[in-house]
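>>> I'd like to go over a predicted model; first the sequence, then the structure.
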Amino acid sequence: MSRRKKQSNKEPRHSRRKITSIQAVKGMRDVFPPEWLVWNHILDAGEKLCRDFGFGKIETPILEHTELFKRGVGQATDIVEKEMFSFETQGGDKVSLRPEGTAGIARAYIENGMSKWPQPIKLYYEGPMFRYEKPQAGRYREHHQFGFEVFGDKCPAIDAQVIYLAWKLFQKIGVKDISIQINSIGCEECRNNYKKQLVNYYEMKINKLCVDCKKRLARNPMRLLDCKEDKCIQVSSSAPQTIDYLCEDCHNHFKNVLEFLDELELPYVLNSNLVRGLDYYTRTVFEIWSSGEEFESRQSSFGGGGRYDDLVRYLGGEDTPAVGFSFGIERVAEKILKDGFSPETKAAKKVFLVQLGDLARKKVLKLFDKLIDSNISVGESVGRGSVKSQLKMANKLNSKLALIIGQKEAIDGTVIIRDMESGMQEIVVMEEIVAEVKKRLRK
């Protein structure tokens, strides 16, 4: 006699387990359409201005050999020591997600023989950067930067032009209450003499330094000036100033940069503690700060840059003077929103299409195609059935005109054109609607 396996009404144990949702990795975030309106405002202004100044766009890989950043950015910098996302590939290559953009562009300059191109080379870029640091306001482990670089020109006028471009870009996108913080850290020769004086100063105050700065004193003393700890900021306020130790060439270069800025009538502040955090910088360094914040607050910096005349040589290329600037898109977007930028204004559609019924919906889809082909900004909500709800959407998008098609208009081949401000309506035949819309928008 065969035994029949007793059937169980119970579900398998695994099917009853609670499924937990997967969240974004710490320090990474999603960017939604309303925020993209702000980002696009920044990127559109940046790209247009860069093209006007003769810059061409470059895109470099997000993944680079780790050695690029160790040699270019600096072994003793916080970025290389603590903040890089680095790993080994299956083939044994040591690679890192890029923490900044300049080193990769310098690598591309060398690798692709750009030194043979007509100089100077002007390049701009935008994209994600990655730093394993504590997430903070406007700064995430994956953050986005916009920047521009000039290779092959050592003239101080180029420094001033890059600073002017940065200033003008911030003006264009609506960043208010800003100032230019500027300093010169000299060349390798005069900087060595300055470092000796700096070490002597800090050795007498070593007990007042944070743990990190005590380590930096031996490895990279100039980074002590850039420390964000309050007690270290107090010590650095009386430290020797770089401009007092500049060689003649560096002194004259910086003097000329400031004279060009004066000619351009740009407001700047001489900041003796400004050194930037990367080893490749030489001579001019600068940052764009919010003038509404405390001078010592490093959170007030929206972007920075300067000269890096030795970087191409450090990476195996020929001696090539260079200067650049970059800023974080997230932090700037946050600032202009606080200053009153309205994403709704950027989302405005001049014309909104309203439909009622399936036949009208088909006509609206065809009319939408005609309008966008005529470069008319147009919105629609073909999934909504209520005319009232669609007109409400048209108001939200600040539309000047609503084009309404119901069942009768779809059969007759007509469109009701409604002025959203006055509420006046008029019937226009379908063949003439594009021309009529253009005429009304011109008014």
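Perfect, thanks for sending it.
>>> switch to C-alpha atoms for all contacts and neighbour counts from now on
OK.
>>> these two touch, right, residue 301 and residue 291?
No: applying CA atoms under 8 Å, one finds residue 301 not in contact with residue 291, separated by 9.6 Å.
>>> Compare neighbour counts for the two and give me the winner.
Comparing residue 301 with residue 291 by other CA atoms under 10 Å, the one with more neighbours is residue 301, at 22 against 15.
>>> OK, contacts around the nearest residue in space to that one that is not next to it in sequence?
Spatial nearest neighbour of residue 301, chain neighbours left out: residue 289 (4.4 Å); criterion: CA to CA, 6 or more residues apart in numbering. With contact set as CA atoms under 8 Å, 6 or more residues apart in numbering, residue 289 has these partners: 178, 179, 180, 181, 300, 301, 302, 303.
>>> what's the answer for residue 280, then?
Contact analysis of residue 280 by CA under 8 Å, 6+ apart lists 72, 73, 74, 308, 309, 310, 311.
>>> The same query, at a cut-off of 7 Å, please.
The contact partners of residue 280, taken as CA atoms under 7 Å, 6 or more residues apart in numbering, are 72, 73, 308, 310, 311.
>>> residues of the strand or helix carrying residue 35 that come out buried?
Assigned by DSSP states H and E, residue 35 belongs to helix 33-52. By neighbour count on 16 or more other CA atoms under 10 Å, the buried set for helix 33-52 is 35, 37, 38, 39, 41, 42, 43, 45, 46, 47, 49, 50.
>>> again with stretch 224-240
Across stretch 224-240, burial judged by 16+ other CA under 10 Å covers 224, 225, 226, 227, 232, 233, 235, 236, 239, 240.
>>> Could you work out the most separated pair of the residues you listed?
227 and 240 (15.4 Å; CA to CA).
>>> Let me know the helix or strand that residue 255 is in.
Short version, using DSSP H and E: residue 255 is in helix 248-263.
>>> That helix: which residues count as buried?
Applying 16+ other CA under 10 Å to helix 248-263 flags 250, 251, 253, 254, 256, 257, 258, 260, 261 as buried.
>>> can you give me the offset of that helix from its chain's centre?
Mean-position distance between helix 248-263 and its chain equals 29 Å (CA atoms, centre = their mean, to the nearest Å).
>>> For that helix, name the packing helices and strands.
If you count contacts as 3 or more CA pairs under 7 Å, 6 or more residues apart in numbering; DSSP states H and E, helix 248-263 packs onto helix 156-173.
>>> ok and the helix or strand just after the helix it packs on relative to helix 156-173, angle-wise?
Next helix or strand after helix 156-173 toward the C-terminus (DSSP H and E): strand 178-184. Here the directions of strand 178-184 and helix 156-173 differ by 160 degrees (axes from the mean of the first three to the mean of the last three CA atoms, to 10 degrees).
>>> Buried by neighbour count: which residues of the helix or strand following strand 178-184 qualify?
Next in sequence after strand 178-184, counting helices and strands by DSSP H and E, comes helix 188-203. With burial defined by 16+ other CA under 10 Å, the residues of helix 188-203 counted as buried are 190, 191, 194, 195, 197, 198, 199, 201, 202.
>>> Please, where are all the helices along the stretch 1-150 of the chain?
Secondary structure of the stretch 1-150 of the chain (DSSP state H, counting those that start in this stretch): helices at 33-52, 66-72, 78, 102-111.
>>> Of the ones you listed, give the one that comes closest to residue 88.
helix 66-72 (9.5 Å).
>>> How far away from the center of its chain is the closest one?
With CA atoms, centre = their mean as the basis, the mean position of helix 66-72 lies at 22 Å from the chain mean.
>>> and residue 128, how many residues sit next to it?
18.
>>> so how far is residue 316 from residue 227?
31 Å (CA to CA, to the nearest Å).
>>> what's the closest non-adjacent residue to residue 178?
Residue nearest to residue 178 in three dimensions, not counting chain neighbours: residue 290, with 4.4 Å by CA to CA, 6+ apart.
>>> coming back round to it: identify, from the buried residues of helix 248-263, the entry nearest to residue 400.
Distances from residue 400 to these, taken by CA to CA, are shortest for residue 261, at 43.6 Å.
>>> Would you mind listing the residues in contact with the residue nearest to that closest one when sequence neighbours are not counted?
Distances taken as CA to CA, 6+ apart place residue 160 nearest to residue 261, at 6.0 Å, with adjacent residues excluded. Residue 160 makes contact with 257, 260, 261 under the criterion CA under 7 Å, 6+ apart.
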